[in-house]
Every structure is written in structure tokens, then in C-alpha cells.
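Participant: This is the structure alone, sequence omitted:
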């Protein structure tokens, strides 16, 4: 161990001091890799925490939650529950809630941008039995506190007024108390307003009703029996009126709502880490190259292979720990920045969630550190092994090769095989979990196989880069400058293959690293130049063809480093291209859908309706007032009720049948075969619903409350991934308490100014959001694009990491070629020419990576659209190829790749032969 | 003059906030008067007793349901809170289990106005008019379950003068006080996983008033004594803030045939126990002298303090043995010592 420590002190730390910039960069790469993963995790958790925030802020977690199947629960039913439970020590805590939006006079907000609060009413007196004492600010007064209790974080004082939009009304709530933070009790979120149950029922105009009952069992020896009995008693009594769900069911339900979204983000961040892995490997490989002389000396002095390998691994471990530590900071900072964006998306897609700051938990910190350390160790494993195995004589020779990797590094066949496996995996269906959740595991595995496969096969394209350059330069050869002609490496070897490659080919190597020509690598005669106009043209286009040939010559038989650089670029570009195809396809499909489904002149909703699960509705009285407006010819109300079907959340919609049919507003996946879509218990389901619940046209469905419907058609609905069953308005009112409307569409008289009517309506009803057709279409597209904002950031990181990897790979290669570079410079090659050579080499690698990436991305896009997306959300999209984006991506990657390589070449040109770092 | 008399009469029947004051000569109607009297501010159904297990194990128990009304000043609307206490003493181990529940009147807590049926969450008390049997069930956290059936073996008695039991000089400091002085109890007591078949004797008070405490009163000491010879004694001592005994304090003998006899008495604290929970000092060993008889109430266990986890009003309510002057056990009693910790007026008003 002391030898290892000595090596670390005398070699590793010395190198760290000498090349501190490179070490810092390496640590930053590790930090970036683990940090991105951590940031996505934290931002996700923070954005989703709202789902578990209900009453946990004021009491401990309930054991069961009872929710109505078709709407609210009647307090009479609660009495039945108590009677049935008899003497069992079970606490029933009723809760009523509505979403509200803080109201500011004259301020309008975009959909999804408004803050959504939750007004929660619960029995303060009953709560005392659970807590044993009143939360600060509450007391056990029999009289219902009229006002709201708020978190101290809201910075309100008792007596202050809070104006909020509830349904379509603006109401004032008086602050009756401020709840302070208490040790051991989860803090009340600032987005939650708490009211005593009777007062809340009065404000919400729902006396005698509650939304759910939190069931808390008394802990004791017989807890398990009590739990089982309670569940059985309550479920048996329900008779389709309510559902009893356990804490784990609720967590799973909250999870299922966003599982696909979270999974997508996690997989994307893991793929970014996958690309980062390439970079770390390249960087550590570079470290080995720089120290090979020392390794040779150490070996000559009798240090064993195992000790050398261990020393490298310990160094990698140190790098991993420091990088991981920095990753915590990067991740935390990234999460703070991303949480807003993520939560907005979650809010728009899944419902109101209260966003907390993205706190770092100990487990996540360890996970992030672990990722950095494990990645560092895995990446260091092969270079360390190679360093320990290479004979000292090779190590001491500056021109000797160090690491060539195993045979499988070059196995292009493996790449093709993996691609074939990917295609097979893509044929498999989704993994179905409870609650209608589908995880496209096979499709994700297919994506990974495809990325790995195309990465391995990508090196093939470097040969095409060479062919491309040779065919053009060969045909229109220009005379070499004197210095080039005199360059021995060009004549006898470098133009054919790099020296390191020739070791593998069984070439003889002389002491000092001089190589003799092999029969396979016979020096080729320089072709005679073709004189004339074309020659002058190429002279203009390719100012120095020698640099091009020299640069490309390194790609003829690419090294493992080249292969890695291409692989990393191909992966990153493929991910970006795949996502670009998906977004473009979404965009096109959405436009068509919006065009077809949005035909009314005005759309009215509550101003507080900011998310998919918002409870804001419009009262029947307001609908009547809208109908009475002189400009309005037709009013169609859309009624909605969130339901749980087969343990999964979904929706029932009630529509004005004749209006909807007349407008032909549906984009059909399967058109109804009947004339009247909703007649005799007919229903139209959305594509997501059909996919989630595996329902077909003609099937019978049993809705909560024991109501049966027959599926007549399937329509595309890209606004709701939970799916929906649409029934007629009349049936909806009968089955669900549905006098209030979720959305209202207005048709205006010909010639009426929609903008003016919208303005007048909004002024008359400050609690309503009124959108003209054009405005709502814009909003719908904006929300949709917002969903992908996080994805873009990850793609940029992926491409950035891959291009940085290319720079590092070239730096390692040039370090290896120090002797050649020195010779070239002695023979008169300028630094600019060396930089140009490097730029061509880099451009060749980037071209191969980008082209393979785009091809690979094409299939990945297909996979995302027809497999991942279909299996996750149940949406059918029309495939659209974003050619323009592909072109920009290709130019950007090749251009930036060439630029970074030129910079590396310039740095290498200044490097002295004997320089070590 | 007529108007003035009418005004006095009205004033005498209700408290300033409109709650009824017990009136002499009230004609009680049953089963209605076993039920709730919402015109009065405070009401309780107070069940205490002594149980013996088939295995010889002895328990003391208490299950009490309170109703407390409040009136909103602005709307005049009356709302009710239901408080309940349950306690179980395992005499052998001295383990005293207790719990308090508080709920707003509604689906989870109520008291019927027509029959004896009281509920507070999962605790209940009900008199079956057909069988004349009272059933009571209560849990104490997850530690104990008490399920008893009570059979009336001695008829209901009504304490006080013409149906009004005075608690102080003030006209409103009075209650209607109805008691089943001896009930035969059978049922089960489950402590942890162990269930015991039990039988024994219980006492049930039903009292309603609008002001239990008068000005200058700090609390009361109360005892329900069941003697082996078939007689009972109900005694309460209203304590004034200066430590003296209020003139309204009463001792009533209940003869074997149920006849009531009010008698003078002397109440002496023989020993005090200081609660490690609340710090209150309770004189829980008591000597009572009345009609030439001397009794000692000796607690079966010292720690029988109800914690008052919600109301913050601890009190001592415990099973005692009744000893005569010779030191022989001649009966069992329940002793209540209220107002030694915290201000009772907070909940009971005045």
C-alpha cells in the first residue's frame, strides 16, 4: 500500500500540479455528468412533491383515503362508515378542497403560468384528536373559524385579506391564523390555504359534502388486523359510491400520473451520462498516455502491474469523489434553475402541484457521488489495465502505443448486431403496471442498443470521410510544397495509418520507435499533379491539401480514440435528432388536431383553470348569462369529472351532443359507425383511454357508480394523456353531479368582433378567462412546446459533452504523436498547418459522428413516435422529418468539431518534443 | 308591575347567553330525558364502575360523554362540541390507560334528544328501551377495548330538591342530576391482545346544567360509593378558591329500596398524591363521616389521573376501596377530584 501511496504522491499529484487545468476539466466533466442526473432527479421530486402534500402538512400520513367515485362524498355516508366501523379505533378526517388562484386586478396570465393554490377545508376540532394538540394558530373552538389559515411563508398577518379566484368568482378570504413551522411536522406549503371544514363548505357552496376522508388507524399491536378489517369494512360498504385507497396506492397513483414524464427525464439524463462516460474514458486514457514514461520507469524499477493498476484506480477514485462532490453543487444549482420549468410542465400536464425548493436528500447525495465514482472507475479500468500490462520498453519509447483496447472495441459487426437486436426489441409491447401505467421498457432498451450499435458501427463512416477526401484530392492533386515532400512520415507511414495502429498489424518496431515499412503499407507514389483550371479551383477551396490528406490519413485506420469520439458524437447527435423528429412530429400533429377540434369563436373557462386537474368550474348561472349575450348564437358547455377506473385516474366528459356532432370537431382514430354517437348509452373514448384501458370500439365499459356505456368511436385527443370517456351532457348530469361546466365554447353571430366580445366578457367577469379561437390555438401550441423545454437543455448538454470529448480525444492523439509533430515542425510545417491538419481530422470524425448520428436519430425518432410515445401516452403522431434542423445540426457539429480540433492542434503545435504535459 | 315580574321570570329561566337554568318541579319524561337537552349548555353521561375478571383480575373503568354548547354572538346560532373520556385501571399491574376525544357535533359525534344514545367517534353509549339494557363500548388508543352491557338493578334516582341539584348560591349554579346508582355490568375487557370476560357493578350519572361552577368556586370532589350492603352514597364537595367547602356541597344516602336521604357530612383528606404528569397534588385518600358512619376511600392505584391531552384540564378520577373504621373493605367507590390542575371554568363556564 505504501508503494501505491508513494506513486500517488510522486506521480499522480505531481501531474495534477503540472496539468492542473486538465485535472480541473476532468473533475468538471464528472461533476457535469453526475450533476445533470442529480438536477433532473431533484427538480422532478420538488415539482412532484405537491401530490403528497395534502394533509401531511397538518397531520401524519393517512392509512387510507376514501374518495367518491362520481364526485363528492355526502356527510351522511360518513355516518354510515362510522357505524360500520363500530368500535374500531379508526379516525375519519373529512377534507374538502378546491383549487384557487390568487387574483390581481387587471392582470391576465397565460395558461399554465398562473399560480395555483389549494384551498383545503378540514375539521380543525377533529384534527385535535390526531395531533393531541392544536397546530399553532388553531384552537378547538366549536365555532367554525371563518377565515383561512396560511403558512408563515406566505408573509401574511392575521386580519389581512387574500383575493382568490374560485370557479369563476373572485372572493375575499380573511387570514384568521398563521401556521408556524413545528419541529417534526411537515411544513404547510405556502400554496395551501387551510380552512375549518364548515367555513370551507360554506365558501365553496358545498355544505354537507366532502371530497375525501383521510382514514387514520390507531397504531398498536393489532394494527395489521385493524388495517385489513378497516379496508374490508369500508370497501364492502362502498357499493360503488366510493373508493378506498391505501397510502401506497395514492403514492402509486401520484406516481402513475407523472411516471412516464419522470421516466423520460431520467432516461434522458442517463443517456447524457452515457455520452459523458465516453468523455471521462477519453480523458483518463489521456492521463495514461501522458504518464507512460513514468510507468515504464516504475516497471523497470520492479513495481508490479497490480500496484500500478491500483494506483491509477485510486487516482480515478479520487477524481470521482472530487468530481462527484462538485456534481452535488452543479446538480443542486441546476435543480434550482430547472425546478420552475419542470413544475410548469408537470402543472400543465398533470395538475396543480406545489413547488418546493429542490432540497437535497442524503440518499440522493450518495447516489450522485456513487455515479461519479463508479463512472470514473469504469472509465479508468481499461486505461489502468493497459498501463499496467504494456511492457516497459514500449512505455519508455515515446512513439510507442499505449492503449489499443480489446478486439471488441473495433468490432463493427457487434454494432450491426446490436442494431438488429434494437429492431427486434422495438417490436415488443409496453410493460403494463397497475393503474393503467405503461412503461415502454423494451423500447427504451431498443434505444440503448441502437445507440450503442450505431456508436460501434459509426467508425465505418470515417472510412467514407477518407474516401471522400481522397477521391477529390486524388483526382485533382496539387503539387506538394517542398516541406511536405520531405516529410518522411507522410511518405512512408502516416498517410496510410497512424503508428500506433501499425503495432497491431504486426509491424516490426525498432528501438526508439522507428518503423520499417510493412508489405501491407507500402509507400505510395505521389500522383502527378493535374494542371489547369480545376487545380486552381481546388487550390482556392482547399488552401492546403496536404493538411487535408494528413488529417484524413489518421482516419483511414481509426484508433480506438477516434472510434470513441465518433461514437460519443453519434450518440449525442442521434439523441438530439431523435428528439427533434419527435418534437417536429408532435408539432405537426398538434397543429392539425387544433385546426380540427377548435372551431368555436370564443372559449371560456375559469381564470383559475391553470392545469389539467384544476377544479375551477363555471356555474350554471354564468352559462345562462353567456347564452343571453346578444352576439352569441350558440353555447356549448363541456362538463368534466375526474374518476378512477380500474385503479387508474381518468376523466368523464359530458358534451353537447348535437353541437359536437354538427361541428365535426373530432379527429377520428376510429369513426363511429352509428349516426348518433351518444344515443342509448353510447360513448366516445380518446385514443389514450383506449390504449390505457385496452378498450376497443364495440366494448362495454362500466363507469363508477355502476353506469354502463358502449364505446362507439375513438378520437385523438392530445390534450389529456390520462384519457377520457365522453358521454352526452344529459347523461353526465344524471350520473355525475354536473351542473357546473369545465369549459364553455361560444359561437358568435356572423360579423361579431370576437376580440371585442372577449374583452367585454373578461371585464364583466374578472374570474373568467376568455380566449378567442386564434389566442387559444397559440396558447395550446405554446404549452405543448413548453413540455419539451427541459429536453432541449439535455440535448445541448449531450452535444456539448460529445464535442468536448472530440477535443480531448484529439489532444490525446496529438500527445501520442508528439515526435511526429516535432519532426513535421523541424521539416518546416507551420503551427497553422498543424492546426489545419488537426481541424481536418476533427472535421472527419465529426462528420462521421454527425452523419451516423442523424441516420441513427432517424430510427430513434421513429422509435420515440411509434413505440415510446404510443406506449406511454397512447397518442398517434404523424411522422415529420425536420430537415432544416438536421442540416443545422450537421453543420454545427462538423463546424464546432473542426474548430475545437483546430484549437487542440494549435496547442499541440506549440508543444515541445520533450514536454510531458 | 306585571311586565317587571315577567322580565324577572324570563331572566331566571335562562343564562345571559340564553341557555336554560334548571327549574324546580320539572317533570321528567323517559326515555326522552335520558337523551340530550340542547337548551342547556353542559351535559354529561358519566359511567364509572368496577369489574372483576373470570381470572380474578380487577379493573376500574370510566367512560364519560360530555356535550358543551356555544352560541355565536353575531348569528345566535348554537353549536355543540362533544368531549369524551375513557379510562381503564388494571388493578393488578397498576397500569392506568386513558384517552380523550373531542369532536364537533355532526356525523361523528352526537347525542340523541329522544333516547339515550351518545356517540363520539368510535365510542358509544346506548340504552335499549326494549331490553332496558345499556351498552357501552370504548377503546383506549390501541391498548384497550371495553365492551359492556349494563343491566339496571336499582331504579333511576333524581338528586336535589324538586329535581334541582344545587352547586352554588347563584341561581344558575345548579343541574338536573339523574343517576342509575347500581348497574350490573357484564362484558369484556381487552388489554393488548388479551381479552378478559368481566362482570361487576357500575354507576351512571346523567347531569345537565348551564353553569356547574359558581363564582368563587375552584372545583369539586365527588364520590359514588357502592356499599356491599346494597346502599349507595353520592357525595360532592364544592370547593371554594380559598379552600373552604361551599354550602351547596351535598351527601345523599340511597337506601336499598332507592329512597334518598340527604345528610350532613364531614370530608377529610387523609393523604395526597402528586402527579408526575401534571404536577397537581390530589388528596386522593379521603375520610368521610356521615350519619355516624366513618368511611375511608382508599385508591386502588395512585396514578389514575386523566391527562386532558386536548382540553389541557387534567383531573383525578379513580377506583377506590371503601373501608370502615375497622379497616375492613365494605364497598367500592369512584372518586373524582376536579379543579386541581387548570381552570375548569374554561370549559364549564359559570
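Facilitator: Structure's in. What do you need? Computed from a predicted model, the values in this text were never measured in an experiment.

Participant: pLDDT weak spots in the stretch 201-350 of chain B?
Facilitator: Of all residues in the stretch 201-350 of chain B, those with pLDDT under 70 make up the ranges B:345-350.

Participant: At the contact with chain A, which residues of it appear?
Facilitator: When proximity is defined as Cβ under 8 Å from any Cβ of the partner chain, the stretch 201-350 of chain B approaches chain A at B:309-311. For the C-beta atoms, the positions are set from N, CA and C on the backbone; glycine is no exception.

Participant: switch the cut-off to 10 Å
Facilitator: Where the stretch 201-350 of chain B comes near chain A, counting by Cβ under 10 Å from any Cβ of the partner chain, the residues are B:307, B:309-312, B:347.

Participant: What ranges does the stretch 651-800 of chain A have for its strands?
Facilitator: Under the criterion DSSP state E, counting those that start in this stretch, the stretch 651-800 of chain A contains strands at A:667-670, A:682-686, A:700-703, A:707-716, A:724-728, A:743-748, A:768-772.

Participant: whoops, the stretch 101-250 of chain A was the one
Facilitator: Assigned by DSSP E, counting those that start in this stretch, the strands in the stretch 101-250 of chain A fall at A:117-122, A:148-151, A:161-166, A:169-179, A:192-196, A:209-210, A:212-217, A:242-246.

Participant: Can you identify the strand in chain B that spans the most residues?
Facilitator: strand B:174-191 (DSSP state E).

Participant: Is that one in proximity to chain A?
Facilitator: Yes: contact of strand B:174-191 with chain A (Cβ under 10 Å from any Cβ) involves residue B:190.

Participant: Next, the buried residues of that strand.
Facilitator: Neighbour-count burial for strand B:174-191, counted by 16 or more other Cβ atoms under 10 Å in any protein chain shown, picks out B:174-185, B:187-191.

Participant: if we can go back for a sec, turn the strands of the stretch 651-800 of chain A into TSV, columns for mean neighbour count, distance to residue A:323 and mean pLDDT.
Facilitator: Formatted as TSV, the strands of the stretch 651-800 of chain A follow (neighbours: other Cβ atoms under 10 Å in any protein chain shown; distance: least, Cβ to Cβ, whole Å; pLDDT from 0 to 100):
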stretch	mean neighbour count	distance to residue A:323	mean pLDDT
strand A:667-670	17	49	86
strand A:682-686	27	46	92
strand A:700-703	16	54	91
strand A:707-716	20	46	91
strand A:724-728	24	47	92
strand A:743-748	22	50	89
strand A:768-772	24	48	85
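
Participant: Quick check: closest non-adjacent residue to the residue of chain B found nearest chain A.
Facilitator: Proximity of chain B to chain A (Cβ to the nearest Cβ) peaks at residue B:142, 2.2 Å away. Using Cβ to Cβ, 6 or more residues apart in numbering or on different chains and skipping residues adjacent in sequence, the residue nearest residue B:142 is residue A:220, 2.2 Å away.

Participant: Pretty sure residue B:191 is one of the things that neighbour touches, is it not?
Facilitator: No: the pair residue A:220 / residue B:191 is not scored as a contact, 11.1 Å apart, by Cβ atoms under 10 Å.

Participant: and for these two, which residues touch both?
Facilitator: Shared contacts of residue A:220 and residue B:191, defined by Cβ atoms under 10 Å, 6 or more residues apart in numbering or on different chains, are found at B:143-144.

Participant: Quick check: the residue of the stretch 101-250 of chain A nearest chain B.
Facilitator: For the stretch 101-250 of chain A, Cβ to the nearest Cβ, closest residue to chain B: residue A:220, 2.2 Å.

Participant: Tell me which of the strands of the stretch 101-250 of chain A sits most buried.
Facilitator: strand A:192-196 (a mean of 26; mean count of other Cβ atoms under 10 Å in any protein chain shown).

Participant: Is there proximity between that strand and chain B?
Facilitator: Yes: under the criterion of Cβ under 10 Å from any Cβ, strand A:192-196 makes contact with chain B via residue A:196.

Participant: re the thing from before, neighbouring strands - and their directions - for the longest strand of chain B?
Facilitator: Here strand B:174-191 is paired, per DSSP bridges, with strand B:144-152 (antiparallel), strand B:157-159 (antiparallel), strand B:165-166 (antiparallel), strand B:194-209 (antiparallel).

Participant: from the middle of its chain, how far away would the helix or strand just after the longest one be?
Facilitator: To tie it back to what came earlier, the one meant is strand B:194-209. Next helix or strand after strand B:194-209 toward the C-terminus (DSSP states H and E): strand B:217-227. For strand B:217-227, the separation from the chain centroid amounts to 9 Å (computed by Cα atoms, centre = their mean, to the nearest Å).

Participant: domains for chain A, by residue range?
Facilitator: Annotated domains of chain A cover A:1-61+A:272-397, A:71-240, A:410-513+A:548-598+A:787-917, A:608-766 [automatic domain parsing].

Participant: list the contacts for the closest residue to residue A:669 other than its chain neighbours?
Facilitator: Excluding the flanking residues, the one nearest residue A:669 by Cβ to Cβ, 6+ apart is residue A:714, at 4.3 Å. Going by Cβ under 10 Å, 6+ apart, residue A:714 touches A:666, A:668-672, A:684-691, A:695-697, A:874.

Participant: List the beta-bridge partners for residue A:714.
Facilitator: residue A:670, residue A:685.

Participant: how near is it to residue A:869?
Facilitator: 17 Å (Cβ to Cβ, to the nearest Å).

Participant: for residue 69, what are its contacts?
Facilitator: Going with chain A. Residues counted as contacts of residue A:69 (Cβ under 10 Å, 6+ apart) are A:238-243, A:641, A:643-645, A:703-707, A:736.

Participant: nope, chain B please
Facilitator: A:142, B:17-19, B:36-43, B:78-81, B:105, B:210, B:349.

Participant: run the last query once more with 7 Å
Facilitator: Shown in contact with residue B:69 (Cβ atoms under 7 Å, 6 or more residues apart in numbering or on different chains): B:19, B:38, B:41, B:78, B:80.

Participant: Quick check: buried residues in stretch A:808-825?
Facilitator: Neighbour counts using 16+ other Cβ under 10 Å place A:808-825 of stretch A:808-825 among the buried residues.

Participant: for the stretch 301-450 of chain A, what spans make up the helices?
Facilitator: Chain-ordered helices for the stretch 301-450 of chain A, with DSSP state H, counting those that start in this stretch as the definition, fall at A:305-350, A:362-389, A:392-396, A:412-425, A:441-457.

Participant: Adding mean neighbour count, mean pLDDT and distance to chain B, write these out as CSV.
Facilitator: Below are the helices of the stretch 301-450 of chain A laid out as CSV (neighbours: other Cβ atoms under 10 Å in any protein chain shown; pLDDT from 0 to 100; distance: least, Cβ to the nearest Cβ, whole Å):
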stretch, mean neighbour count, mean pLDDT, distance to chain B
helix A:305-350, 21, 72, 33
helix A:362-389, 20, 78, 31
helix A:392-396, 18, 62, 72
helix A:412-425, 17, 88, 51
helix A:441-457, 23, 85, 42
